[in-house]
Structures are given as structure tokens and as C-alpha cells.
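[1] One predicted model, sequence on top.
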Amino acid sequence: MPSAASDEQLVAMLVDRARSEGLRLTGEGGLLQMLTKRVLESALEGEITDHVGYEKHDATGRGSGNSRNGTRVKTVLTDVGPVEVKVPRDTAGSFEPQIVKKRQRRLTGVDEMVLSLSAKGLTHGEISAHLAEVYGAEVSKQTITTITDKVMDGMAEWQNRPLDRVYPVLFVDAINVKIRDGQVANRPLHVVMAVTVEGHRDILGIWAGDGGEGAKYWLHVFTELKNRGLDDVLMLVCDGLKGLPEAVETVWPRTIVQTCVVHLLRNSFRYAARQDWDKVAKALKPVCTAPSEDAATERFLEFQEAWGKKYPAIVKLWSDAWAEFVPFLAFDVEIRKVICSTNAIESVNARIRKAVRARGHFPNETAALKCVYMAVMSLDPTGTGRKRWTMRWLSRPGARCRCSHRSVSPGRSPNPACASRRTGLSTDSAVRR
């Protein structure tokens, strides 16, 4: 490997020279800045040579009709800080450099750095201060806004991308953000997350609401998903959102709507005195863990008899939500754990909330959507979370849905007609309404 050896020798020579001359590795005037300057200028020199058709100082360039015309100096912001480079020019003015284009003041790595910091929740002022402190680069808030605004084109493309024909499970949840529209007020941003038949997580889109969403709003959202290619959903899990079951019935008539049991329990405590929370939870537990819908009904009647007079609002809450509460009882315990609540989407929402809270409030709806989109795009950069998520949704040995399908054997190829091979959910009418 002579080339590798020569590269190592070159690096060693550069480091030794930097040490002997007292140069730092990073920072202003450091070795990395000097190397970046040399590389950029060498690349630009190669581009001008290709453009004019002759080497520098070559006599063949005389009378060619276009020749070198000196250089101009410009400062480019790079990953190692601001670097001053000499950009060559030609007499005809037709030279268009590519590595550092005309009017370009930042290399792409800087834009990616700004987007990454923004996705982690840093404000534009904090990003500007960070770049000044670490790289000695003065980047205005307006420049950072210009960089982050570029993601909106990508967001529009992402929000309208084609979807799979079938998803076993959809999770719908909302994140409240503060938007300054005349006065600061909470506005919900609804996130729809799907589980694919391979057990992967897929965020299908983000929609802004006004807090008063009803069937008409959800009909618009689900129709948009259907127009993007989503023909059928086996089960949709949500937090008792008003008007959502009716909209699902219109767009996907065979889809099972499951309300989040955890949120149903939490909402129950709102109507109970603090000293009774543990007792109410203990009384409702047999309802949530019943082996069947009939058994759950019996346990709920017992709860109603014991607590109905003291807390009639809790009884009404459960009675109103009963049709969307019971579907998960048709499945075995392993499957119930992943479809009885919106916990599957909470890890995503936690990352989004972290970015949102760091901003405080947003000037408009577009700024809020941009922040949430960048947070979603920065999820799981190493891929370890994807592997962990997929393993959770792979069918376990012996797991089965309450339909005619047999147990799933480890390593057996899935039947595309039944998502229970991967998730335990069935497309059969036996488990549909």
C-alpha cells in the first residue's frame, strides 16, 4: 500500500511542521484552516485550468481568446471556521467555479451544522453565538434563518410523498406549541405515525390544528393520506380525539379505532379526589386486563356499582369511550401491550417537545412546523433505535391473533394477506367491526 504509506508520511510531516512552527490544530490560523485553504485553492486552480484549456504560465494560452485574469479574495465559512481563499478569474468572465460557487459564502457542511443545531432546539441567537465561540465565525440570525428556511421545500416533498397501501397500525397524537399570533396561545400540531408490515416506524406527516378539530378536520387529514396511496389501515390508536372515529369510518370503513387506555385512565383521575386515585385505579385495572369484552363489561358494572354514585363523571367518561376502548381486548397479551396506548409515539413526541420547549414560542405556524419537521428528521441518527423498534414489533413465537390463523413460527415467511405474521394483527373480518 504505497499510497497509504505516502499519505501517512505526508500527514506526519504536516503535524511535525505545525508543532515546530507553534501552530495549533484548530482555531483561527490553525493547521486545519491552512489545509482547507490549500485544498480549496488547488481545486479552484484545477477548475480554471480545465476552463481555459491550458496550465498556468503555459505559453499556449497566448492568443487563445480567453486567459487567466488574476484572482479575487473571498472568505468562506467552513467546518473549521472562516477561510480566506483566492478565487481565479478569466478575462471573458465566463468562469463558473463549482467547489466555491459565485456568491457562495458557506460550504455545505456549515449548513448541515446549522440545521443539526436547530433540530436539537437551539435558537437562532444561540446558534450564532455557538459558531462565533467555537469557530470564530460571525453568522447573523438572518443568515441562519435563510439556511433553515431551505428545509421547507424538503418538508413539502416529504409531506406529499407516496405511502404504502396498507399499514397495520397508525398512531395519532398531538403536541401543543405556543404561537404568537396577536397573542401567545397554545396550538396543537398533530403527528401521524405508522407501523409498517416489516415492523418499522414511519412518520406519515404533521398537521397544524386550531384546538377545535372535529370530524371535518380529520376527514381532510385522512383523505390526504388516502390520496397518497394509503388504501387500508388495520387499527388506529388515538387519544379520544373528537370526530376522529367518524372520519375514519368514512375513509377506511373497516379500520378498528382504539382509544389510548393510558389517557383514559389519566382523564378518569381528573374527576376523582386525590385521595381516591389509587382506589379508582385498582378498581379499573380488572376492566383493562379482562380476558374478553364480556368480562370487561362485567368488571365495569362492578366498578359502576361501587363508584358510580360518588363519581358519575368517570362512569360517563368510560361509557362514552367504550366502543373505542374494547377492541384491543380481542388480542393476546403480547399484542395488547403495543396497541392499547399511544406510548409507541411518545418517544418521538419527547424529542419533538425538547426542541419546541427550547424555543419558548414561535412567531407563526410555519416556524413551528419547520421546527417539528427538523426534529423528526434528526430522529435516531445512528439507527440503533430503528433496530430496537423493529424487534419490538416482530411477532413472538406462539403469538397469535384471535382469528383463524395459526401461531407464527420463528423465521417463517409472512403471509402478505395477514399482518399478524409481523405484528399479530389480522386483516380478517373476524377482528374487524
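    That came through fine. Owing to the predicted nature of the structure, the values given are computational and were not obtained by experimental measurement.

[2] contacts for stretch 148-162?
    Applying Cβ atoms under 8 Å, 6 or more residues apart in numbering, the contact partners of stretch 148-162 are 111, 114-115, 118, 124, 205-206, 228-229, 366, 369-370, 373-374, 377. Every residue, glycine included, has its C-beta placed from N, CA and C.

[3] and the longest strand for this structure?
    If you go by DSSP state E, the chain has its longest strand at strand 166-181.

[4] Output the contacting helices and strands for the helix or strand just after that one.
    Sequence-wise, the next helix or strand downstream of strand 166-181 (DSSP states H and E) is strand 183-195. Strand 183-195 makes packing contacts with strand 166-181, strand 201-208, helix 215-227, helix 343-359, helix 365-377 when contacts are defined by 3 or more Cβ pairs under 8 Å, 6 or more residues apart in numbering; DSSP states H and E.

[5] still on that earlier bit, what two of the contacts of stretch 148-162 are the furthest from one another?
    His124 and Gly229 (36.6 Å; Cβ to Cβ).

[6] Looking at the two, which one has more neighbours?
    It is His124, of His124 and Gly229, that has more neighbours when counted by other Cβ atoms under 10 Å, with 20 against 11.

[7] who's in contact with that one?
    Contacts of His124 (Cβ under 8 Å, 6+ apart): 118, 141, 144-145, 148.

[8] now these as TSV including secondary structure and pLDDT?
    Below are the contacts of His124 laid out as TSV (DSSP: H, G, I helix; E, B strand; the rest coil; pLDDT from 0 to 100):
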residue	secondary structure	pLDDT
Ser118	helix	70
Lys141	helix	72
Ile144	helix	71
Thr145	helix	74
Thr148	helix	72
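
[9] Which one of the residues you listed is nearest to Arg266?
    Ser118 (32.5 Å).

[10] My read is that the closest one contacts Ile127, right?
    Yes: counting by Cβ atoms under 8 Å, Ser118 sits close enough to Ile127 to count as a contact (6.5 Å).

[11] Got the phi and psi for Val73?
    The phi/psi pair for Val73 (degrees, to the nearest 10) reads phi -100, psi 130.

[12] burial measure for it, as a count.
    Neighbours around Val73, by other Cβ under 10 Å: 8.

[13] ok, it - contacts?
    If you count contacts by Cβ under 8 Å, 6+ apart, then Val73 has 84-87 around it.

[14] how about 7 Å then?
    Counting by Cβ atoms under 7 Å, 6 or more residues apart in numbering, Val73 makes contact with 84, 86.

[15] How about Thr91?
    66-67, 69.

[16] 8 Å instead, please
    Counted by Cβ under 8 Å, 6+ apart, Thr91 has contacts 66-69.

[17] Drop anything exposed from these.
    66, 68 (16 or more other Cβ atoms under 10 Å).

[18] how much space between Thr259 and Ala92?
    Using Cβ to Cβ, to the nearest Å, we find Thr259 at a distance of 71 Å from Ala92.

[19] Compare neighbour counts for these two and give me the winner.
    Taking other Cβ under 10 Å, Thr259 and Ala92 do not tie; Thr259 has more neighbours (26 against 12).

[20] Can you name the residues bridging to the more buried one?
    Cys238 (DSSP bridges).

[21] Surely it and Trp322 touch.
    No: in this structure, Thr259 is not within contact of Trp322 by Cβ under 8 Å, at 9.3 Å.

[22] Looks to me like Met235 is in a strand.
    Yes: using DSSP: H, G, I helix; E, B strand; the rest coil, the assignment for Met235 is a strand.

[23] tell me the pLDDT at it?
    Listed pLDDT for Met235 reads 88.

[24] Next: the one 3 residues further on.
    What the model reports for Cys238 is a pLDDT of 85.

[25] surely it meets Thr259?
    Yes: applying Cβ under 8 Å, one finds Cys238 in contact with Thr259, separated by 6.6 Å.

[26] ranges for the strands of the stretch 201-350 of the chain?
    201-208, 232-238, 256-259 (DSSP state E, counting those that start in this stretch).

[27] export those strands to JSON lines and tack on distance to Pro327?
    Shown next, in JSON lines, are those (distance: least, Cβ to Cβ, whole Å):
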{"stretch": "strand 201-208", "distance to Pro327": "21"}
{"stretch": "strand 232-238", "distance to Pro327": "7"}
{"stretch": "strand 256-259", "distance to Pro327": "5"}
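
[28] Among those, which comes closest to Tyr167?
    The nearest among the strands of the stretch 201-350 of the chain, by Cβ to Cβ, is strand 232-238 at 5.5 Å.

[29] which helices and strands sit right next to the closest one?
    strand 166-181, helix 244-251, strand 256-259.

[30] highest average neighbour count across the ones you listed?
    Most buried of those, by mean neighbour count (mean count of other Cβ atoms under 10 Å): strand 256-259, with a mean of 24.

[31] Not counting its own residues, what contacts that strand?
    Residues contacting strand 256-259 (Cβ under 8 Å, 6+ apart): 234-240, 244-245, 248, 321, 324-325, 327-328, 339-340, 431-433.

[32] again, only this time at 7 Å
    Outside strand 256-259, the residues touching it (Cβ under 7 Å, 6+ apart) are 234-238, 240, 245, 248, 321, 324-325, 327-328, 339-340, 432-433.
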